[in-house]
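Asker: Need a 3D model of the sequence below.
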Amino acid sequence: MPVTDLDLITDAARASGDIARRFWKQCPETWEKSPEAGPVTEADLAIDTMLRTELIAARPDYGWLSEETEDSTERLAHDAVFIVDPIDGTRAFIEGSDTFAHSIAVARGGVVTAAAVYLPILDLMFTATPDGPATVNGAAMSPTDTTDICGATVLAHQRNYDPDNWCDGVPDVDRQFRSSLAYRLCLVAKGDFDAMLTLRGTWEWDVAAGGLIATRAGATVTDKFNTTPVYNQPDPRHRGMVAAGPRLHSEIIGRLRTSPLSTV
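Answerer: Numbers count the residues shown, from 1 in each chain. Below you'll find the model as predicted:
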């Protein structure tokens, strides 16, 4: 019986975790890509190499987009593409935190059709397809039904609370943070937090898998202009991302100032 895309990427995510555990807390060699791009470790590169080798061997007609592979317009000629972040939350990985993740998605015709986000140290596997539930270790998930942003638990970096980003003042929220954007989306899907947001340009590999997982759980996921993301774009960046239960999402979008001032 043919292996489905979801089975393929789930197995690949677990194999990524096997590699990551060998380097975790072992002082892996680390480089700074650029002040904006952040660090990369030998673990990121080893996982990227393994994933590209194994996934493209299994699906030679799919394109490839990964944080740790130099991008090429060649992927745009493919209807289906793997969108991969070998380690999402590399800073957390370097610090020895257990909240880094492996994020793997398949997008077809601009829409994510299979998603897996795996946290190997916590052994949490989040998965989704467009026609099934979002699950964590096989159990279905759903977001909270919070409707008021005031007092809501929101996963976001502090810079998102610059007053220039908000109409009528910065909302009074319980701000929390996790380094991995994919994990933040999954935590909203699981109902552990009410919402997540990031208002600066957001790379596809950070949110492709988590975005589908949160959507299939019942959350609303858009960019900061309330537009549904499309994947495998020539410029693989979205204009931020906001995820929450439908009513809370509407309130957050309504409170955001989407002028040129909103750049973080």
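Asker: Run through the chain and note the low-pLDDT ranges.
Answerer: 1-2, 35-36, 259-264 (pLDDT under 70).
Asker: Now with 80, please.
Answerer: Counting by pLDDT under 80, the ranges of the chain that qualify are 1-2, 34-37, 258-264.
Asker: Grab the longest helix from this protein for me.
Answerer: helix 5-23 (DSSP state H).
Asker: Strand partners (parallel or antiparallel) of the helix or strand just after that one?
Answerer: Downstream of helix 5-23, the first helix or strand assigned by DSSP states H and E is strand 30-34. Strands that pair with strand 30-34, judged by DSSP bridges, come out as strand 38-41 (antiparallel).
Asker: Next, please give the residue ranges for the helices of the stretch 51-200 of the chain.
Answerer: 90-95, 181-190 (DSSP state H, counting those that start in this stretch).
Asker: In CSV, list those along with mean neighbour count and distance to Cys150.
Answerer: From N, CA and C alone the C-beta is placed, and that goes for glycine too. CSV is the format used below for these (neighbours: other CB atoms under 10 Å; distance: least, CB to CB, whole Å):
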stretch, mean neighbour count, distance to Cys150
helix 90-95, 19, 29
helix 181-190, 30, 18
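Asker: buried set for the longest helix of the chain?
Answerer: Neighbour counts over helix 5-23 (16 or more other CB atoms under 10 Å) mark 5-6, 8-10, 12-13, 15-17, 19-20, 23 as buried.
Asker: now the helices of the stretch 51-200 of the chain in CSV, with distance to Asp223?
Answerer: CSV is the format used below for those (distance: least, CB to CB, whole Å):
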stretch, distance to Asp223
helix 90-95, 23
helix 181-190, 13
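Asker: Looking at these, which is nearest to Gly240?
Answerer: Among those, helix 181-190 comes nearest to Gly240, with 10.7 Å by CB to CB.
Asker: What is the distance between that closest one and the centre of its chain?
Answerer: 8 Å (CA atoms, centre = their mean, to the nearest Å).
Asker: contacting residues around it?
Answerer: With contact meaning CB atoms under 8 Å, 6 or more residues apart in numbering, helix 181-190 is reached by 85, 88-89, 99-101, 103, 117, 119, 124, 126, 134, 136, 141-143, 155, 178, 193-196, 198, 202, 206-207, 209-211, 213-214, 216-217, 219, 221, 241, 243-244.
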